[in-house]
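What would the 3D arrangement of this be:
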Amino acid sequence: MTIAFKAKYIDCTDAIDGEILQVTFDSAADSQDWKHRRDPCVLIGQNFEFPGAPTIEWHDGNDYDGGAEVLKVSLTRTNLVIDTDKDIDFSLTLFISGREFSQLLDSLTRIFANSDILNIS
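Here you go, the predicted model:
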């Protein structure tokens with residue numbers, strides 16, 4: 001199954017001096033709580049304080065899930081495609097400025113720095 005949506009809100013955040021990175025792709029304003037959410041979103045994160053692969057969580061508009069292994073991330077200026085090891089993949093249309101794209105690229109490059117998962121074209 002592929003979850004596809006227009007990522008109208010993209011947030012790249014870090015905590016603890018960059019030890020924790022998270023990128024959120026949301027189709028609706030971030031004021032929605034997860035319990036009552038009806039719009040899809042995807043979160044990719046990496047905690048560099050502990051060993052391990054980046055994490056991915058999502059809400060498909062009906063239910064929350066996570067725990068898949070990210071196999072491949074393909075990024076262009078207007079699209080992001082994420083392939084996972086579960087029966088779920090993501091196809092996001094991006095609406096961001098050049099400066100926001102640079103920040104997104106920097107965050108994803110840092111999150112997937114120790115792998116060849118990230119493909120940029």
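
how near is Asn79 to Leu71?
According to CB to CB, to the nearest Å, Asn79 and Leu71 sit 17 Å apart. Yep, even glycine has a C-beta here, placed from its N, CA and C like the rest.

before we move on, what about Asp116?
Counting by CB to CB - Asp116 and Leu71 are separated by 11 Å.

Looking at the two now, which is surrounded by more residues?
Leu71 (13 against 7; other CB atoms under 10 Å).

Helix, strand or coil: sort out that one for me.
Secondary structure state of Leu71, per DSSP: H, G, I helix; E, B strand; the rest coil, is strand.

in which helix or strand would I find the residue nearest to it when sequence neighbours are not counted?
The shortest distance from Leu71 to any non-neighbouring residue, by CB to CB, 6 or more residues apart in numbering, is to Asp83 (4.7 Å). In this assignment (DSSP states H and E), Asp83 forms part of strand 79-84.

May I see the buried residues of that strand?
80-84 (16 or more other CB atoms under 10 Å).

can you check stretch 40-50 too?
40-46, 48.

Of the residues you listed, which is the nearest to Asp60?
Among these, Pro40 lies closest to Asp60 (CB to CB), at 5.4 Å.

my read: Val23 touches Asp106, true?
No: with contact defined as CB atoms under 8 Å, Val23 and Asp106 do not form a contacting pair (10.2 Å).

hey, what's in contact with both of these two?
Each of Cys12 lies in contact with both Val23 and Asp106 under the rule CB atoms under 8 Å, 6 or more residues apart in numbering.

of the two, who's got more company?
For Val23 versus Asp106, the count of surrounding residues by other CB under 10 Å is larger for Val23: 22 against 12.

Helix or strand: which one has the more buried one?
strand 20-26.
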